[in-house]
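>>> Please work out how this folds:
(one chain, ligands or ions: 1)
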Amino acid sequence: MLSIRQLNKTYANGVHALNDISLEIPAGMFGLLGPNGAGKSSLMRTIATLQAPDSGSIHFDGTDVLAEKEALRRQLGYLPQDFGVYPKVSALELLDHFAVLKGLTARGERKEMVEGLLHQTNLWEARKRAVASFSGGMRQRFGIAQALLGAPRLVIVDEPTAGLDPQERNRFLNLLARIGEDVVVILSTHIVEDVTDLCPRMAMIAGGRVLVEGRPQDSIEQMHGRVWQRVVDDTALAEYQQRLCVLSTRLVAGKPQINVFADVQPDAGFINVAPDLEDVYFLQLRATQRNAAHA
Ligand code: ADP
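Residues are numbered from 1 along each chain as shown. The predicted structure follows:
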């Protein structure tokens, strides 16, 4: 269990990136969902002990993370958002090198782990190729192989699916889903489907604050019966947006289809639809934007 209490961070430029963040994160996949600039990377870097908060505490099982950085690092696997430039060495050599850095000095054990991870991430066939020549999806899978060295008990992956095509994304999420059940895996993303497809628990954050936390299904159920949908004319769209709580607009056969949040049917053209996590997300973001506008 990872316990985060009242974490605050203000950068030198005055941005309050973490605003009283408190989260309880049990073993399993945990989705951290938020738009760009929400504070996801700041939070991940803080948990990974790469930067210090101004105040607050983080505990991972028995470890006081902020006081015992080394103890946390020994249990941590981290895939940062930007993994950086790869040297022109093969995937096998590079992974072996990372394994040595991670303290896996026994040769036999290291070989077994490195080869096992290359199989697990479906990179065995490509092991002799330079990582620099890999596609985006292969690089991310290599990033996971690197993060899983030494069997970490806390795994943090920061926006790993951004920029992946649907097939690569699926492959990558399947890989994450197979990480052991007793490991805490935190996946940060701005893609709602990543959380829907994969995470039994989640938190939505924006403006450095936690908006909701818990089981996606619970938040979805709270909107039950209050999401309405209709196709509208282009010319009427602005008026609907002004008059109603429009959660999202998407084009269906070239015409805008809107999802609206309302206790009762807004007009006869609307049908009631089953809410999904995207409706929850847009409702939360809308509330945050309103609060910001009125502040
Ligand atoms: P996310 O990962 O959700 O996109 P970030 O944690 O990267 O969010 O950023 C949160 C806010 O903090 C943004 O407004 C960003 O511009 C700002 N920020 C992030 N890192 C720094 C930094 N090192 N110095 C100053 N501002 C930063």
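>>> switch to C-alpha atoms for all contacts and neighbour counts from now on
Fine.
>>> What is the neighbour count of the closest residue to the ligand within the stretch 101-250 of the chain?
Nearest to the ligand in the stretch 101-250 of the chain, going by Cα to the nearest ligand atom, is G208, at a distance of 6.9 Å. Other residues lying near G208 total 24 when counted by other Cα atoms under 10 Å.
>>> next one: L198
Other residues close to L198 by other Cα under 10 Å number 18.
>>> Pretty sure it sits against L32.
No. In this structure, L198 is not within contact of L32 by Cα atoms under 8 Å, at 11.6 Å.
>>> Please give me every residue in contact with I58.
L2, S3, I4, R5, I47, D64, V65, L66 (Cα atoms under 8 Å, 6 or more residues apart in numbering).
>>> Just the buried ones out of those, please.
Listed as buried from these are L2, S3, I4, R5, I47, V65, L66; burial here means 16 or more other Cα atoms under 10 Å.
>>> Make a markdown table from those residues and add secondary structure, pLDDT and distance to the ligand to it.
Shown next, in a markdown table, are the buried ones among the contacts of I58 (DSSP: H, G, I helix; E, B strand; the rest coil; pLDDT from 0 to 100; distance: Cα to the nearest ligand atom, whole Å):
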| residue | secondary structure | pLDDT | distance to the ligand |
| --- | --- | --- | --- |
| L2 | strand | 97 | 19 |
| S3 | strand | 98 | 19 |
| I4 | strand | 98 | 16 |
| R5 | strand | 98 | 17 |
| I47 | helix | 97 | 12 |
| V65 | coil | 97 | 19 |
| L66 | coil | 97 | 18 |
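>>> Which residue ranges make up the domains of this protein?
1-75+152-214, 82-151, 221-294 (automatic domain parsing).
>>> ok, back up a step: might you report the residue contacts of the residue of the stretch 101-250 of the chain closest to the ligand?
Contacts of G208 (Cα under 8 Å, 6+ apart): H16, A17, L18, N19, D20, I21, A38, G39.
>>> got TSV for those residues, with neighbour count, secondary structure and distance to the ligand too?
Formatted as TSV, the contacts of G208 follow (neighbours: other Cα atoms under 10 Å; DSSP: H, G, I helix; E, B strand; the rest coil; distance: Cα to the nearest ligand atom, whole Å):
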residue	neighbour count	secondary structure	distance to the ligand
H16	16	strand	7
A17	23	strand	5
L18	28	strand	8
N19	17	strand	11
D20	18	strand	14
I21	20	strand	12
A38	20	coil	4
G39	21	coil	3
